[in-house]
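1. predicted structure and sequence below. I'll ask about it afterward.
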Amino acid sequence: MPTIVITTKAGIHRRTVWEMGSRFRGNDGVLFAGRPLMGWFLLVLGGLFEVGFTTSLRYVDGFRNWPSVLVFAVSVTLSMGLLEVASRSIPMGTAYAVWAGIGAAGTAIVGILVYQEAASLPRLLLLTGLIGCIVGLRLLR
């Protein structure tokens, strides 16, 4: 099994890929090979998969369109899984707010750009405010 070397303030740890899937956390609380921003990266990626599963809902047709159901199932699984992993290094309330905000804003932007939904000034201003709140939560961390 491949081994990953993790350097934290508490020392050097060697973990197998299997052990990394468990809840390894150094004494200093740093996850992901000593890269504290990795949790935020995974959270944003999970939010983008949320956009994928909400967008695919448009095509599932009562769960009869199997390719779309498969895209939905994979996207929702990855999205929730990435949220869970990110919440190990980011407080759950912050992680959930950012994850949901990315999903909501991303889904609205896909609706505007792909499905010609209304792009009124108030809607765009509110989406900008939502994105600003997401950035603000990251900056307050």
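-> Nice, I can see it.

2. when you work out contacts or count neighbours from here on, use the C-alpha atoms and nothing else.
-> Will do.

3. run a quick neighbour tally on residue 123.
-> Residue 123 has 12 neighbours, counted by other Cα atoms under 10 Å.

4. which secondary structure elements does the longest helix along the chain sit against?
-> Ranked by residue count under DSSP state H, the longest helix found in the chain is helix 92-114. Judged by 3 or more Cα pairs under 8 Å, 6 or more residues apart in numbering; DSSP states H and E, the packing partners of helix 92-114 are helix 38-56, helix 66-86, helix 121-140.

5. quick one: average confidence on that helix?
-> On average, the pLDDT along helix 92-114 is 94.

6. how about residues contacting it?
-> Helix 92-114 is contacted from outside by 43-44, 46-51, 54-55, 83, 86-87, 117-119, 127, 130-131, 134, 137, using Cα atoms under 8 Å, 6 or more residues apart in numbering.

7. cool, and stretch 54-64?
-> 65, 66, 68, 69, 71, 72, 107, 110.

8. including distance to residue 99, could those go into JSON lines?
-> Shown next, in JSON lines, are the contacts of stretch 54-64 (distance: Cα to Cα, whole Å):
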{"residue": "65", "distance to residue 99": "27"}
{"residue": "66", "distance to residue 99": "26"}
{"residue": "68", "distance to residue 99": "22"}
{"residue": "69", "distance to residue 99": "22"}
{"residue": "71", "distance to residue 99": "19"}
{"residue": "72", "distance to residue 99": "17"}
{"residue": "107", "distance to residue 99": "12"}
{"residue": "110", "distance to residue 99": "16"}
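
9. need the buried ones from these selected in ChimeraX.
-> Remark: buried members of the contacts of stretch 54-64, expressed as a ChimeraX selection using 16 or more other Cα atoms under 10 Å:
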select :68,69,71,72,107,110
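
10. residue 37: which of the contacts of stretch 54-64 is nearest?
-> Within the contacts of stretch 54-64, proximity to residue 37 (Cα to Cα) peaks at residue 107, which comes in at 24.4 Å.
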